[in-house]
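> Provided below are the primary sequence and the corresponding predicted coordinates.
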Amino acid sequence: MSAFPTALPAPRTPDPMDAPALRWGVLGTGWIADRFVRSVRRHTRQRFTGVASRDAARAGDFADRHGIPHAYGSYEELTAAADVDVVHVATGHTDHLGCARIALEAGKHTLVEKPLALNAAQAGEIARLATERGLFCAEALWTFFLPRFDVVRQILDSGVLGDIRTVLAEYGEHFTAGHRILRPDLAGGPLLDLGTYPVSLATWILGPPAELLASAQPHPAGVNGQTSALLRGADGSQGVVHTTLFSDTPTTATIAGTHGTLSLPGPFHQPGDLVLALAGSGTRLAYTEPRTAHDALHFEAAEVARCIADGRLQSPLRPLDDSLTTLRAMDEIRRQCGIVFPGEPEDHRLGAE
């Protein structure tokens, strides 16, 4: 094992202002698009040249609010624009595949909001299309682009935790009636919106599960209400993940090894603290950063710009294989729990790629 450090490493994340300035088009005008544009404009040199919605008035309102020069009433119009280098797909979950197709077939580099698609089969289609066209593509799972997670990455790489045996992660949030997460036609329920975070953490650290056991409870709105799963790694290590719409939870994560434990106070998927503890000892080290929440979305945009400028087709911080591994695990969770999303086969044969 590596010696217990005297201090936690600093993040190696480059200054987002140093990322090459690209011209961005945004598909969608909802909550995440708004937060993304605000953060990226505040902290980087990236430029937004267009926004599109199926509702031209909504696109116009969004463009006026953010000072974006062009508003389009169709996704095809934006992706055909010569002044767009990269497209941010910020539409609803059920539209991710279709919008990614439109962007990639138009020859645009593409960043797709998480989850990359409804299931692994759809995600595989996106990955294949990007590869065939020689275009950059990534899932906008912003967690893995944060400075906090670069520190996690360095701690894991150092071996100071010993052999990782356990990953615990959960995310629960209460939503009021009428929220889109409660709509079955929009692939509602906690798994895609909230559960992607704990499942992606477990599969990132433990790898594809060799065995998975899941249980779920329905919500009165007709969607899944909460889901728990046990993921067993190939070496016997275990991940325990949980997500719920019934209540707010601490949204914490723990990575436990034979020699040490790394704790991520909630919300673990956002900017925040880390605590490293030596097993069998009171020795602890802490890392602290401002809890800026979604104002940190700019880190993923800066990484995308750097990758494209360097000729990379994927980001090493969240390669498409990692996105596929997460979706395969969520496919199995849904298969066991009978959770089907719009347009999927009723016999639940998910994940066939």
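Sure thing, it's come through.
> Make sure residue 32 is actually in contact with residue 90.
Yes: distance between residue 32 and residue 90: 5.2 Å, which falls inside the contact criterion (C-beta atoms under 8 Å). (Each C-beta comes from the backbone N, C-alpha and C, glycine too.)
> Who has more neighbours out of those two?
For residue 32 versus residue 90, neighbours defined as other C-beta atoms under 10 Å are more numerous around residue 90 (25 against 19).
> Cross-check the contact I'm expecting between the more buried one and residue 26.
Yes: look at residue 90 against residue 26 with C-beta under 8 Å: they come within range, at 5.7 Å.
> Common neighbours of those two, please.
Counting by C-beta atoms under 8 Å, 6 or more residues apart in numbering, the common neighbours of residue 90 and residue 26 are 33, 36.
> pretty sure residue 166 belongs to a strand, no?
Yes: under DSSP: H, G, I helix; E, B strand; the rest coil, residue 166 sits within a strand.
> Where does the residue lying closest to it once chain neighbours are set aside fall, secondary structure wise?
Closest residue to residue 166 apart from its sequence neighbours, by C-beta to C-beta, 6 or more residues apart in numbering: residue 256 at 4.2 Å. Element membership for residue 256 (DSSP states H and E) is strand 253-257.
> list the helices and strands the helix or strand that comes right after that strand packs on?
Heading C-terminal from strand 253-257, the first helix or strand you meet, by DSSP H and E, is strand 260-264. Applying 3 or more C-beta pairs under 8 Å, 6 or more residues apart in numbering; DSSP states H and E, we find strand 260-264 packed against helix 147-158, strand 253-257, strand 274-278.
> buried set for the longest one?
By neighbour count, with 16 or more other C-beta atoms under 10 Å as the criterion, the buried positions of helix 147-158 are 147, 148, 149, 150, 151, 152, 153, 154, 155, 156.
> Could you do stretch 227-246 as well?
227-229, 231, 233, 237-245.
> Please flag which of the residues you listed sit within strands.
Per DSSP state E, strands hold the following members of these: 227, 228, 229, 231, 238, 239, 240, 241, 242, 243, 244.
> Now for these: which two are most distant?
Maximum pairwise distance among those (C-beta to C-beta): 20.1 Å, between 238 and 244.
> would you list every one of the strands in this protein?
23-27, 47-52, 70-72, 86-89, 109-113, 137-140, 164-172, 211-218, 224-232, 238-244, 253-257, 260-264, 274-278, 284-287.
> Return the alpha-carbon coordinates of the first one using CSV.
If I follow you right, that is strand 23-27. Coordinates of each C-alpha in strand 23-27 appear next as CSV, following Å, rounded to 0.1, in the frame of the first residue of the first chain:
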residue,chain,number,x,y,z
ARG,A,23,-18.9,28.3,-31.0
TRP,A,24,-21.7,26.4,-29.3
GLY,A,25,-25.3,25.7,-30.3
VAL,A,26,-27.8,24.5,-27.7
LEU,A,27,-30.7,22.2,-28.4
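> number of nearby residues for the residue lying closest to residue 288 once chain neighbours are set aside?
Of all residues not flanking residue 288 in the chain, residue 273 sits nearest, at 5.1 Å (C-beta to C-beta, 6+ apart). For residue 273, the count of nearby residues is 15 (other C-beta under 10 Å).
> Phi, psi for residue 273 please.
phi -90, psi 170 (degrees, to the nearest 10).
> who's in contact with residue 122?
By C-beta under 8 Å, 6+ apart, the neighbours of residue 122 are 96, 97, 116.
> just checking, residue 134 touches residue 311?
No: the pair residue 134 / residue 311 is not scored as a contact, 9.7 Å apart, by C-beta under 8 Å.
> Can you give me the buried ones in the lengthiest helix in the chain?
Once the chain is assigned using DSSP state H, the helix that runs over the most residues is helix 320-337. Neighbour-count burial for helix 320-337 flags 320, 322-337 (criterion: 16+ other C-beta under 10 Å).
> before we move on, back to that, switch the helices and strands packed on strand 260-264 over to JSON lines; also include mean pLDDT and distance to residue 15.
As requested, these are exported to JSON lines (pLDDT from 0 to 100; distance: least, C-beta to C-beta, whole Å):
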{"stretch": "helix 147-158", "mean pLDDT": "98", "distance to residue 15": "11"}
{"stretch": "strand 253-257", "mean pLDDT": "98", "distance to residue 15": "27"}
{"stretch": "strand 274-278", "mean pLDDT": "97", "distance to residue 15": "21"}
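> Make CSV from those and add distance to residue 299 to it.
Formatted as CSV, the helices and strands packed on strand 260-264 follow (distance: least, C-beta to C-beta, whole Å):
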stretch, distance to residue 299
helix 147-158, 7
strand 253-257, 19
strand 274-278, 16
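> Pretty sure residue 113 sits against residue 89.
Yes: with contact defined as C-beta under 8 Å, residue 113 reaches residue 89; the gap is 5.9 Å.
> In TSV: the strands of the chain, plus distance to residue 11.
Below are those laid out as TSV (distance: least, C-beta to C-beta, whole Å):
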stretch	distance to residue 11
strand 23-27	24
strand 47-52	26
strand 70-72	35
strand 86-89	24
strand 109-113	21
strand 137-140	19
strand 164-172	21
strand 211-218	32
strand 224-232	27
strand 238-244	25
strand 253-257	17
strand 260-264	14
strand 274-278	11
strand 284-287	9
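> what number of residues lie near residue 290?
Using other C-beta under 10 Å: residue 290 sits among 9 other residues.
> What values do phi and psi take at it?
phi -60, psi 140.
> measure it to residue 150 for me?
15 Å (C-beta to C-beta, to the nearest Å).
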